[in-house]
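Novice: quick one: sequence and predicted model below, then my questions.
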Amino acid sequence: MNPNRNRPRYVAALTAAASSLALLLTACSAASAAGPAGDGQKLAEVNIGYFPNVTHAPGLVADAEGTFAKRFDQLGTKVNTKSFNAGPDVIQAILSGSLDISYIGPNPTVTAYIQSRGTGIRVIAGSTSGGAALVVKPEITSVEQLKGRRLATPQLGNTQDIALRHWLADSGLNATQDGGGDVSILPQANSAAVQAFKAGEIDGGWLPEPFATRLVNAGGKVLVDEATLWPDGKFVTTNIIARADFVTQHPDAVRAFIEAHLDALDEIASDPAAAKAAVASQIKKITEQELEPAVLDAAWKNLEFTPDPLAATLKTSAEHAESVGLLPDKPSDGFAQLWDLTALNEALAARGEDKVTA
């Protein structure tokens with residue numbers, strides 16, 4: 001078994017990204033030296049990102065319901081929201097200064113922290129736990145029967161891709177992209193994976209919701225619910241990052257965002273029907289595609305929305321990435337500066353809720 005077989009290709013990609021990142025960080029430093037907005041000045045606008053995915057439901061709800069705008073109106077700050085389809089695009093936008101805060105998965109978070117040498121981003125809250133599974137053809141009933149099979153993941157090196165590779169390695173199977181190993185992994189867009197499964201071109205996929213549910217509806221069966229692999233069934237699927245300099249320079253804006261995020265979590269908990277309607281509406285607005293109510297209901301049951309960033313599980317996910325050769329470097333500080341939960345814990349305390357820790 002050679003878990004590092006894909007490392008050269010992935011590291012080459014990261015090396016190229018790191019070069020671009022260095023230029024972005026230099027530009028950010030220059031902008032900061034020129035005098036950033038903040039430091040007592042009113043923040044004119046804030047730029048917030050998320051994906052049109054069920055796993056980013058709190059962001060979708062807060063945007064659809066106008067909660068972001070309501071909270072930032074109190075500061076006289078305009079809110080701009082933008083949807084993304086891939087973690088690298090979010091990281092580039094954050095580190096270039098064109099995006100201030102974003103919902104994002106744990107592995108892109110780790111990549112951004114490492115590439116910026118711990119100076120670029122901070123995790124300011126959690127958002128979502130769970131909602132990922134390996135769904136396969138019904139005749140596959142054991143890991144041994146995956147030999148010679150073709151499985152999809154959303155993207156090489158993304159959160160679900162690493163989860164699948166680590167699980168296969170733990171099970172004694174080698175995964176490659178070129179067909180030379182026990183299992184072939186074919187990274188592709190989630191919607192494309194569903195179509196490929198229906199067409200018989202792949203045997204399954206380790207996908208996030210609602211695409212795992214869509215594979216089930218297309219005739220698949222859940223072979224592995226990722227929640228069963230984690231203590232108490234909890235693992236970070238989505239957390240919230242912000243530019244490190246933005247956190248330092250605009251604490252009031254960070255607090256306003258946190259309040260809007262917690263408002264959305266409260267709505268999800270108290271009125272899930274309204275929250276699901278908001279999510280479906282926002283996804284349709286962005287993608288022009290309907291999210292079937294039955295699919296949304298089934299996917300929703302596999303997700304837990306929480307302000308806790310579940311920091312220990314992010315660290316474990318990074319260890320999994322390293323074990324399969326998809327983490328080219330490790331932070332020298334052991335992620336010590338990654339989490340800044342000051343605004344979150346102040347807001348939780350004001351609401352009479354328990355604080356969270358990293």
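Specialist: Received the coordinates, thanks.

Novice: the closest residue to Phe84 other than its chain neighbours: how many residues sit nearby?
Specialist: Leaving out its chain neighbours, the residue that sits closest to Phe84 by CB to CB, 6 or more residues apart in numbering is Val90, at 5.0 Å. C-beta: built from backbone N, CA, C; applies to glycine. Using other CB atoms under 10 Å, Val90 has 24 other residues around it.

Novice: now do His56
Specialist: Per other CB under 10 Å, the neighbour tally for His56 reads 27.

Novice: quick one: pLDDT of the residue nearest to Phe84?
Specialist: With respect to pLDDT, Val90 scores 95.

Novice: what does Lys330 give?
Specialist: At Lys330, the pLDDT value in this model is 85.

Novice: quick one, what contacts it?
Specialist: With contact set as CB atoms under 8 Å, 6 or more residues apart in numbering, Lys330 has these partners: Ile114, Ala318, Glu322.

Novice: what sits against the residue nearest to Phe84?
Specialist: By CB under 8 Å, 6+ apart, Val90 lies in contact with Gly49, Phe84, Leu99, Ser102, Ile104, Pro108.

Novice: hmm, 6 Å instead?
Specialist: Val90 makes contact with Gly49, Phe84, Ser102, Ile104, according to CB atoms under 6 Å, 6 or more residues apart in numbering.

Novice: gap between the last one and Asn53?
Specialist: So that's Ile104. 11 Å (CB to CB, to the nearest Å).

Novice: over to the second one?
Specialist: Distance, Phe84 to Asn53, by CB to CB: 10 Å.

Novice: can you give me the strands for this structure?
Specialist: 45-50, 78-83, 101-104, 121-130, 132-136, 150-153, 175-176, 183-187, 204-208, 221-225, 236-243, 303-305 (DSSP state E).

Novice: among the ones you listed, which gets the worst mean confidence?
Specialist: Lowest mean pLDDT within those: strand 175-176, a mean of 83.

Novice: direction included, what does it pair against?
Specialist: strand 183-187 (parallel) (DSSP bridges).

Novice: quick check: angle from the partner strand to strand 204-208?
Specialist: Orientation check (axes from the mean of the first three to the mean of the last three CA atoms, to 10 degrees): strand 183-187 against strand 204-208 gives 40 degrees.

Novice: mind exporting strand 183-187 as CSV, just the C-alpha atoms?
Specialist: Output of strand 183-187 as CSV, limited to C-alpha atoms (Å, rounded to 0.1, in the frame of the first residue of the first chain):
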residue,chain,number,x,y,z
VAL,A,183,-9.7,1.4,-5.5
SER,A,184,-9.9,4.2,-8.1
ILE,A,185,-11.0,7.6,-6.7
LEU,A,186,-12.4,10.0,-9.3
PRO,A,187,-12.8,13.5,-7.9
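
Novice: how about residues contacting that strand?
Specialist: Strand 183-187 is touched from outside by Leu146, Arg149, Arg150, Leu151, Ala152, Thr153, Gln155, Leu156, Leu168, Leu173, Ala175, with contacts defined as CB under 6 Å, 6+ apart.

Novice: again, only using 8 Å
Specialist: 146-156, 158, 161, 164-165, 168, 173-178, 196, 202.

Novice: which among the residues you listed end up buried?
Specialist: Buried residues within those, counting neighbours by 16 or more other CB atoms under 10 Å: 146, 149-156, 158, 161, 164-165, 168, 173-176, 196, 202.

Novice: quick one: pLDDT of the nearest residue to Leu326 once chain neighbours are set aside?
Specialist: What sits nearest to Leu326 in space, not counting adjacent residues and going by CB to CB, 6+ apart, is Gly157, at 4.9 Å. With respect to pLDDT, Gly157 has a value of 88.

Novice: tell me which of Phe84 and Asn53 has more neighbours.
Specialist: More neighbours surround Asn53 than the other of Phe84 and Asn53, with 27 against 21 (other CB under 10 Å).

Novice: contact partners for that one?
Specialist: Pro208, Glu209, Ile283.

Novice: list the contacts for the residue nearest to Arg117 when sequence neighbours are not counted?
Specialist: For Arg117, ignoring the flanking residues on the chain, the nearest one in space by CB to CB, 6+ apart is Pro331 at 7.8 Å. By CB under 8 Å, 6+ apart, Pro331 lies in contact with Tyr113, Ile114, Arg117, Gly118, Leu338.

Novice: can you do 7 Å?
Specialist: The neighbours of Pro331, taking CB atoms under 7 Å, 6 or more residues apart in numbering as the test, are Tyr113, Ile114, Gly118.

Novice: just to revisit the earlier point, state the distance from the residue nearest to Phe84 to Pro52.
Specialist: The gap separating Val90 from Pro52 is 13 Å, by CB to CB.

Novice: equivalent analysis for Asn80, please.
Specialist: Counting by CB to CB - Asn80 and Pro52 are separated by 16 Å.

Novice: so for those two, which sits in the more crowded spot?
Specialist: The residue with more neighbours, out of Asn80 and Pro52, is Pro52; 19 against 13, by other CB under 10 Å.

Novice: burial measure for the closest residue to the more buried one other than its chain neighbours, as a count.
Specialist: Of all residues not flanking Pro52 in the chain, Ile286 sits nearest, at 4.2 Å (CB to CB, 6+ apart). Counted with other CB under 10 Å, the neighbours of Ile286 add up to 17.
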